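K.L.:
Please find the sequence and the predicted model below.
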Amino acid sequence: EPHLKESSAAPGEVEDTGLQGVEMDVQLGQMTLRSKHLAALESEIANKPHVRELFGEHTMQASLLDRAEHRRRYKLIGLRHEIEYWPDGQGSCPALGEKWERDYDPAELHESERWIPP
């Protein structure tokens, strides 16, 4: 059972070497890593079926790396993964034609496709 020790020492400062890139704001309870604020991954993204299948149902800490007009890119802290989220999908992409509808079968590759590994 942990015990808290009382201390009469005055609060002090820790020298910032700038090597770690971590900033703690104890008044706000916010941690900043390399100038990026960390927060729980937005529930809109975290609750997507494919995200839950890959990473499970636990809360993930994320840092917003990039925001574009139709996309947001997050770094998942401690997981060595990034997520690119397109809230509106990629609707401007035209549908693929029937030329691209065939299933992949190594035995049925055209001569120009023989470089594709089986």
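P.N.:
Perfect, I can see it now. Numbers count the residues shown, from 1 in each chain.

K.L.:
And the next helix or strand past the longest helix anywhere in the chain?
P.N.:
With secondary structure taken from DSSP state H, the chain has its longest helix at helix 49-55. Per DSSP states H and E, the first helix or strand lying C-terminal to helix 49-55 is strand 61-67.

K.L.:
Check which helices and strands that following strand is in contact with.
P.N.:
For strand 61-67, the packing partners by 3 or more Cβ pairs under 8 Å, 6 or more residues apart in numbering; DSSP states H and E come out as strand 36-40, strand 72-76. All C-beta spots, glycine's among them, are computed from the backbone N, C-alpha and C.

K.L.:
Pull out the buried residues from that strand.
P.N.:
Neighbour-count burial for strand 61-67, with 16 or more other Cβ atoms under 10 Å as criterion, is recorded at 61-63.

K.L.:
Quick check: mean pLDDT of that strand?
P.N.:
Averaged across strand 61-67, pLDDT comes to 87.

K.L.:
Now for Thr59: which residues touch it?
P.N.:
For Thr59, the contact set (Cβ atoms under 8 Å, 6 or more residues apart in numbering) comprises 40-41, 46.

K.L.:
Check the gap between it and Glu98 for me.
P.N.:
44 Å (Cβ to Cβ, to the nearest Å).

K.L.:
how many other residues sit next to Pro94?
P.N.:
Neighbour count of Pro94, defined by other Cβ atoms under 10 Å: 5.

K.L.:
what does Lys48 give?
P.N.:
By the measure other Cβ under 10 Å, the count of residues near Lys48 is 13.

K.L.:
If I look at it, what pLDDT would I see?
P.N.:
92.

K.L.:
I'd like the distance between it and Leu54.
P.N.:
Relative to Leu54, and taking Cβ to Cβ, Lys48 is found at 10 Å.

K.L.:
hmm, what's the outermost residue in this structure?
P.N.:
What lies farthest from the middle of the chain is Ser8; by Cα atoms, centre = their mean that is 42.5 Å.

K.L.:
Run the chain-centre distance for the longest helix of the chain.
P.N.:
How far helix 49-55 lies from its chain's middle: 12 Å, per Cα atoms, centre = their mean, to the nearest Å.
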